[in-house]
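>>> What follows is a protein structure lacking sequence information:
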């Protein structure tokens with residue numbers, strides 16, 4: 001069961017309609033400290049947009065950081081029925097049953113414990129690495145792949161097919 005505060009923050013990030021939030025709001029929604037946000041901005045790990053009213057954390061950037069913070073299955077659980085209208089179909093999770101050697105299972109469990117995530121979270125990160133290497137090829141043969149892989153960066157989702 002997810003923490004109610006996490007559910008509220010995830011829902012705010014993915015369901016809000018405004019194109020941006022303040023840096024303070026983004027810090028709170030992501031569960032970061034002021035120092036973490038300051039360091040991320042200084043290191044160029046987050047991209048802020050400047051308007052005549054100041055610097056803002058754009059919605060797509062906030063969603064991208066949320067995807068780094070929580071696994072897709074956690075985000076789906078928090079969004080509930082709203083996940084269908086928010087997340088691209090190809091990004092939605094599905095159950096996969098497979099058989100692996102026991103040492104692979106032990107390794108996945110160990111890595112999940114180390115990173116305080118699930119086996120699904122560990123595998124997703126590893127598969128994202130493979131997807132990144134083969135993005136152009138996979139985008140050409142798998143419908144919705146480019147959109148799901150690049151989401152929420154709408155501009156980058158239009159890879160050549």
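Yes, it's here. Since this is a predicted model, take the numbers as computed values, not measurements.

>>> Show residues contacting whichever helix in the chain runs longest.
When the chain is parsed with DSSP state H, its longest helix is helix 119-133. Residues from elsewhere that reach helix 119-133 (Cβ atoms under 8 Å, 6 or more residues apart in numbering): 71, 72, 73, 93, 108, 109, 111, 112, 115, 138, 145, 149. The way it works is simple: take the backbone N, C-alpha and C, and place the C-beta from them, glycine included.

>>> Distance of the fourth one relative to residue 102?
To tie it back to what came earlier, the one meant is residue 93. Distance of residue 93 to residue 102, computed by Cβ to Cβ, to the nearest Å: 25 Å.

>>> These two - which one has more neighbours?
Neighbours per residue, other Cβ atoms under 10 Å: of residue 93 and residue 102, the larger number sits with residue 93, 16 against 7.

>>> Return the subset of the contacts of helix 119-133 lying in helices.
72, 73, 108, 109, 111, 112, 138, 145, 149.

>>> Make JSON lines out of the contacts of helix 119-133 and add distance to residue 60 and pLDDT.
Below are the contacts of helix 119-133 laid out as JSON lines (distance: Cβ to Cβ, whole Å; pLDDT from 0 to 100):
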{"residue": "71", "distance to residue 60": "19", "pLDDT": "91"}
{"residue": "72", "distance to residue 60": "16", "pLDDT": "93"}
{"residue": "73", "distance to residue 60": "21", "pLDDT": "92"}
{"residue": "93", "distance to residue 60": "21", "pLDDT": "94"}
{"residue": "108", "distance to residue 60": "31", "pLDDT": "97"}
{"residue": "109", "distance to residue 60": "34", "pLDDT": "97"}
{"residue": "111", "distance to residue 60": "29", "pLDDT": "96"}
{"residue": "112", "distance to residue 60": "28", "pLDDT": "95"}
{"residue": "115", "distance to residue 60": "25", "pLDDT": "92"}
{"residue": "138", "distance to residue 60": "22", "pLDDT": "96"}
{"residue": "145", "distance to residue 60": "19", "pLDDT": "92"}
{"residue": "149", "distance to residue 60": "14", "pLDDT": "88"}
